[in-house]
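> below are the sequence and a predicted model; questions follow.
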Amino acid sequence: MSASITSFLTDAFAQTDDAVLIIDNTGFIVYANRAALNLLQIADKDVYKIDFYAYLTQLAKPERGTWQEASLDELLKTLPRNIGIEQGECTTAFYQLNALSFHNMEGGYRIFSLSAVKSERVTGCGADVTSFLAENDLAMIVRYLPDTTIIDANELFIKKVSQNCQDIIGKSFRPLLPEDSLKAVEKAVRNVTPDNPAFHSINKIYDAQGEVTWSHWFNHCTFDAAGQPSEYMAVGFDMSELQAFKRRFELVEDLAEIAYWSYRPHIDFMDYSPQFLTICGWGSEEKVNFGAFKNMVHPDDKALMERHMTGLLKYHIPFSEEFRLLPAGGNERYVQCIAEAEVDKTGKTRKIYGILQDNTDLKHMRNAVQDTQQSLAYSSSMATNLRRTIDEHCIVSITDTKGKIIYANDKFCRASGYTLRELIGQSHCLIKSGEHDRAFYREMWDTITAGKIWQGEICNQRKDGRLYWVHSTIVPFVDRDGKPFQFVSVRTDITAMKENEKALVTARDVAAAANRAKSRFLANTSHELRTPLNAILGFSELMREGIVGELPPAYKEYAENIYASGQRLLKAVEGVLDITSLEEGTFNINCEKISVRRLILEEIIPAMNDYIEPSNINLQVEIADGLPDIEADASRMIQALAAVVENACKFNHQEGTVCISARQHDPDYLDIKISDSGIGMTEDEIKLVMEPFNMADDSKSRNQEGLGVGLSLAKGIVDNHHGDLLLSSEPGVGTTVTLRLPVSCQCGAHAEHRRSA
């Protein structure tokens, strides 16, 4: 055996309590550690001359039975087994005999180990790594040269990668490794030094079937006198199942969003699974410590985190708590942190183990569920309160699809006079009054059975025979197919309203009759006044003109006053007659083409001198060029314009302004606008003056003569031309009246016309 191997074995097995021997292919001992020399009572110088199998059969006896004559290979098939070794005349100690085989170009070696058995049962291998490797072929052992040539290998390795040792021994290990693992091993091999001769790696290797498997290798390099690597010894452990389990565990971690972490406080070292970095928002290549993790905790949760960590480090109190994390550049995360401490013999915390679970989605789901529950509770409360409100205010009943009553509230019972027991199972025919025909009920039933809402007024009959009216809304409740499965009726008792309507109709009829009587009275009175009034006007005019003889100046003035008063009275009588005609619909209009310019300049302005001159009114006229003639009743239009301009002058200030303008509104209509700077009116007064015989506030109009029919008469005339009269006013600023007239004659027609502001 080479000196390098002897050196390696001496280092590997020197400290174990188990006896370790290496036997060559002839059966002779080529190496024995100190424990083996002591156990077998062999001098160091004599060990290489001993046939191990022969010596063993002389020294030892099996635990049960006797040694049988058998070859060494047959003995190996019975291992592991317990044997007894005499250690005096009356003392026998039992050991477990185990073997491990190596193969090389000369044939190979076998390693035997003898482990003390503390009782009749084997207690297992010792804590020393080398004795552990010697038992049960748990490790693959390979010796190779710097050029990757394999010179030794145990049976476990050979069975792993090939069925034949000739395919392995003396060959390079390169074909056994995938490209990425080969590069990693070659790099590690190049980096060994006499000061740092060992390295370990987790590699992929091809098994005998060509499948990729995982194994963990511990390598040790032996150097020659020149300090150059001479050979390597590698001990490997199969990690295929471990890697598969690790992958499954990582999948579980990913699916459950659970991460593992540990922390050694005495060296400030933190270890963690990949999912830990994902939850915390770090990259897979980042190296983090526990301080960085604590700094990520939400400021509002840091005090709680510190209390838990203090309790864990000092008093070893485990905890499970939810914290918020603030990942860099990410959204707030909710995590469940579970941790407990590992304590050494002195009672100090040696290590902390922890689990971190991302509960963000769960938290949001819980919040959503809580919000939904609160919403449902609120909706339920609202539904209960709404039902109470409806029950207190309305008459409610529910029927099935056949019209049978399945629910009725107390208000229904009070309104109908029937008890709930009398109503349930009956149809609404029970309260039918006979006020409605069959078609009425048929239309109602067809509507609700079609899934539509029905609304209307129904007259029902109480149990005592009295009638009562309800406004009813019937809502069909439909299933997923849109078919009604019940009908909910909500009714409001409108009996009092119906009685009020009836009384109102009666009062309206009485008022209409009174108004007609008033109109007839006014018309008759006006006709009766007109005959003597014409006589008065006629005689006063004769007297004023001196036809009956020259009168003294005083009498002539009297005649002038009589004539002027008669004219005002005649005007009032004619106004009353016109208003009466408008109300009765007998107002006559005869359309002709008229010029708006001529109408204003030749008819209206000259007639207003009696109102303009006394108050020194500043009259302004603005008539646009190219205005078309309109088709209208000239006399009626003069009457309407005169009434509006007269009011503008009468209710103006001394030296006030009145502006008469005319312009085209659009191709079909033109506007005649009369604006003044007078006393103006409020909104309520505007509504008042548009009705006949009404005037604005008496304090404003008491000094002005008239019956209050001017604006209402003007509006009636414009309406009969299918135009519109628009009035706007502001107290203290003035009033503007706009007559919007159609260009074409629509007198007596029923065509729609534009009435835009």
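Thanks, I have the structure now. Just so it is clear, the structure is predicted and the values come from calculations on it, not from any experiment.
> doesn't Met233 fall inside a strand?
Yes - according to DSSP: H, G, I helix; E, B strand; the rest coil, Met233 belongs to a strand.
> in the sheet, who's paired with it?
Arg143, His220 (DSSP bridges).
> surely it touches Trp217?
No - look at Met233 against Trp217 with C-beta atoms under 8 Å: they stay out of range, at 10.5 Å. No exception for glycine: its C-beta is placed from N, CA and C like everyone else's.
> and the strands in the stretch 451-600 of the chain?
Remark: strands assigned in the stretch 451-600 of the chain by DSSP state E, counting those that start in this stretch are 454-461, 467-478, 484-493, 592-594.
> can you give me the mean pLDDT across the third one?
In other words, strand 484-493. The average pLDDT for strand 484-493 rounds to 94.
> just the CA atoms of the host helix or strand of Lys314, as PDB, please.
Per DSSP states H and E: Lys314 is located in helix 302-315. Backbone C-alpha positions of helix 302-315 (Å, rounded to 0.1, in the frame of the first residue of the first chain) are rendered in PDB as follows:
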ATOM      1  CA  LYS A 302     -41.300  46.500  15.300                       C
ATOM      2  CA  ALA A 303     -42.000  46.800  19.000                       C
ATOM      3  CA  LEU A 304     -44.000  43.600  19.100                       C
ATOM      4  CA  MET A 305     -41.300  41.800  17.100                       C
ATOM      5  CA  GLU A 306     -38.600  43.000  19.500                       C
ATOM      6  CA  ARG A 307     -40.600  41.800  22.500                       C
ATOM      7  CA  HIS A 308     -41.000  38.300  21.000                       C
ATOM      8  CA  MET A 309     -37.300  38.100  20.000                       C
ATOM      9  CA  THR A 310     -36.200  39.200  23.500                       C
ATOM     10  CA  GLY A 311     -38.500  36.500  25.100                       C
ATOM     11  CA  LEU A 312     -37.100  33.900  22.700                       C
ATOM     12  CA  LEU A 313     -33.400  34.800  23.200                       C
ATOM     13  CA  LYS A 314     -33.400  35.300  27.000                       C
ATOM     14  CA  TYR A 315     -36.200  33.100  28.200                       C
END
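> now find how far off-centre the helix or strand just after that helix is within its chain.
Heading C-terminal from helix 302-315, the first helix or strand you meet, by DSSP H and E, is strand 319-325. Strand 319-325 has its average C-alpha position 27 Å from the chain's average C-alpha position, going by C-alpha atoms, centre = their mean, to the nearest Å.
> would you mind listing the buried residues in strand 319-325?
For strand 319-325, burial by neighbour count (16 or more other C-beta atoms under 10 Å) applies to 319, 323-325.
> which other helices and strands does that strand contact?
Helices and strands touching strand 319-325, by 3 or more C-beta pairs under 8 Å, 6 or more residues apart in numbering; DSSP states H and E, are helix 302-315, strand 333-343.
> now these in CSV, with mean neighbour count?
Below are those laid out as CSV (neighbours: other C-beta atoms under 10 Å):
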stretch, mean neighbour count
helix 302-315, 14
strand 333-343, 18
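> need these in TSV (columns: distance to Lys463 and mean pLDDT).
Output for the helices and strands packed on strand 319-325, formatted as TSV (distance: least, C-beta to C-beta, whole Å; pLDDT from 0 to 100):
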stretch	distance to Lys463	mean pLDDT
helix 302-315	70	92
strand 333-343	65	91
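> I'd like the ones you listed as JSON lines, with distance to Lys49 appended.
Below are the helices and strands packed on strand 319-325 laid out as JSON lines (distance: least, C-beta to C-beta, whole Å):
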{"stretch": "helix 302-315", "distance to Lys49": "61"}
{"stretch": "strand 333-343", "distance to Lys49": "52"}
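> Ile83: which of these is closest?
Ile83 lies closest, by C-beta to C-beta, to one member of the helices and strands packed on strand 319-325: strand 333-343, at 40.1 Å.
> now the end-to-end length of stretch 426-442.
18 Å (C-alpha to C-alpha, to the nearest Å).
> which stretches in the stretch 251-400 of the chain count as strands?
Using DSSP E, counting those that start in this stretch, strands in the stretch 251-400 of the chain cover 258-264, 269-272, 319-325, 333-343, 349-358, 395-399.
> quick one on the thing from earlier: kindly reformat the strands of the stretch 451-600 of the chain as a markdown table containing mean neighbour count and distance to Tyr555.
Listed next are these as a markdown table, based on neighbours: other C-beta atoms under 10 Å; distance: least, C-beta to C-beta, whole Å:
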| stretch | mean neighbour count | distance to Tyr555 |
| --- | --- | --- |
| strand 454-461 | 17 | 73 |
| strand 467-478 | 18 | 73 |
| strand 484-493 | 18 | 76 |
| strand 592-594 | 14 | 42 |
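> Asp625 is nearest to which of these?
strand 592-594 (17.5 Å).
> and for that closest one, what's in contact with it?
The contact list for strand 592-594, computed with C-beta atoms under 8 Å, 6 or more residues apart in numbering, reads 629-634, 637.
> give me the buried subset of those residues.
630-634, 637.
> ok, of these, which one's closest to Val505?
Nearest to Val505 among those is Asp633, at 36.5 Å by C-beta to C-beta.
> in TSV, list the strands of the stretch 251-400 of the chain along with distance to Ser712.
Formatted as TSV, the strands of the stretch 251-400 of the chain follow (distance: least, C-beta to C-beta, whole Å):
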stretch	distance to Ser712
strand 258-264	88
strand 269-272	94
strand 319-325	77
strand 333-343	77
strand 349-358	81
strand 395-399	46
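> buried ones in the helix or strand encompassing Ala415?
In the assignment (DSSP H and E), Ala415 maps to helix 410-416. Using 16+ other C-beta under 10 Å as the test for burial, helix 410-416 gives 411-413, 415-416.
> next SSE downstream of that helix?
Downstream of helix 410-416 (by DSSP H and E), the next one is helix 420-423.
> dump that following helix to CSV, restricted to CA.
C-alpha atoms of helix 420-423 as CSV (Å, rounded to 0.1, in the frame of the first residue of the first chain):
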residue,chain,number,x,y,z
LEU,A,420,-104.8,36.5,9.0
ARG,A,421,-106.3,33.1,9.4
GLU,A,422,-109.2,34.2,7.1
LEU,A,423,-106.8,35.6,4.5
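> contacts for that helix, please.
The contact list for helix 420-423, computed with C-beta under 8 Å, 6+ apart, reads 397, 405, 408, 412-413, 416, 430.
> farthest-separated two in those?
Cys413 and Leu430 (12.1 Å).
> just name the shakiest helix or strand of this protein by mean pLDDT.
helix 129-134 (a mean of 41; mean pLDDT, DSSP states H and E).
> now find how far off-centre the helix holding Ala415 is within its chain.
That offset, for helix 410-416, works out to 44 Å (C-alpha atoms, centre = their mean).
> can you list contacts of that helix?
391-397, 419-420, 423, 430-431, 460, 462-463, 468, 470, 491, 493.
> from the contacts of strand 592-594, which land in helices?
Counted as lying in helices by DSSP state H, out of the contacts of strand 592-594, are 634, 637.
> quick check, nearest of the contacts of strand 592-594 to Gly283?
Of these, the one sitting nearest to Gly283 (C-beta to C-beta) turns out to be Ile630, at 86.8 Å.
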